[in-house]
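Enquirer: Pasting the sequence and the predicted model now:
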Amino acid sequence: MAQRLALQRLLSLPTRGPLASHGRAFGTSSGRRSTFNVQDGSDFQDRVVNSPKPVVVDFHAQWCGPCKILGPRLEKLVAKQEGKVLMAKVDIDDHTDLAIEYEVSAVPTVLAMKNGDVVDKFVGIKDEDQLEAFLKKLIGA
């Protein structure tokens, strides 16, 4: 009986308590710092065009299936860069003006921006190796 009680306590540890919540908070905080949703044109100007760091701009749409695959994949790889690059997410339905300005004709479209200039771009879905190469080229690693 005592062994069963001890086993139940041991099995219940990961689902509650400070260790479990710390693990989740740590895992998501890094993504929040590196990735942000663009709010409007002036936000884009401030956080993307005027950024001292390189920025990956993900033009996407809620209804776009490939965007739902690419977005999280790209976010994960940007978070792994530990702040060397940022990621801006732009919903083309909410920010049509930005999509037109940056000649987005299909989604997903991903731009690499450095010092306010577009230095690289791709359209469509990419695998992790291709995305890592895209990021390394942008960062200069």
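Expert: Looks like it arrived, so ask away. Residues are numbered from 1 along each chain as shown.
Enquirer: Surely residue 122 is within a helix?
Expert: No: assigned with DSSP: H, G, I helix; E, B strand; the rest coil, residue 122 falls outside any helix and is strand.
Enquirer: and the end-to-end length of stretch 81-90?
Expert: Separation of the first and last residues of stretch 81-90 by CA to CA, to the nearest Å is 20 Å.
Enquirer: Enumerate the positions of stretch 123-139 that are buried.
Expert: 126, 131, 134-135, 138 (16 or more other CB atoms under 10 Å). Where you see a C-beta, it was placed from the backbone N, CA and C, and this is true even at glycine.
Enquirer: Save the residues you listed as a markdown table, and put in pLDDT, distance to residue 38 and secondary structure too.
Expert: A markdown table is the format used below for the buried residues of stretch 123-139 (pLDDT from 0 to 100; distance: CB to CB, whole Å; DSSP: H, G, I helix; E, B strand; the rest coil):
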| residue | pLDDT | distance to residue 38 | secondary structure |
| --- | --- | --- | --- |
| 126 | 96 | 21 | coil |
| 131 | 97 | 20 | helix |
| 134 | 97 | 20 | helix |
| 135 | 97 | 19 | helix |
| 138 | 96 | 18 | helix |
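Enquirer: between these, which is nearest residue 66?
Expert: residue 126 (9.9 Å; CB to CB).
Enquirer: Wait, the closest one touches residue 135, no?
Expert: No: taking contacts as CB atoms under 8 Å, residue 126 lies outside contact range of residue 135: 10.7 Å.
Enquirer: what's the closest non-adjacent residue to the spatially most central residue of the chain?
Expert: Centroid check for the chain by CA atoms, centre = their mean gives residue 75 as the closest residue, at 2.5 Å. Nearest in space to residue 75, with sequence neighbours left out and distances taken as CB to CB, 6 or more residues apart in numbering, is residue 35 at 5.2 Å.
Enquirer: ok, the one you found - contacts?
Expert: 75, 78-79, 86-89 (CB atoms under 8 Å, 6 or more residues apart in numbering).
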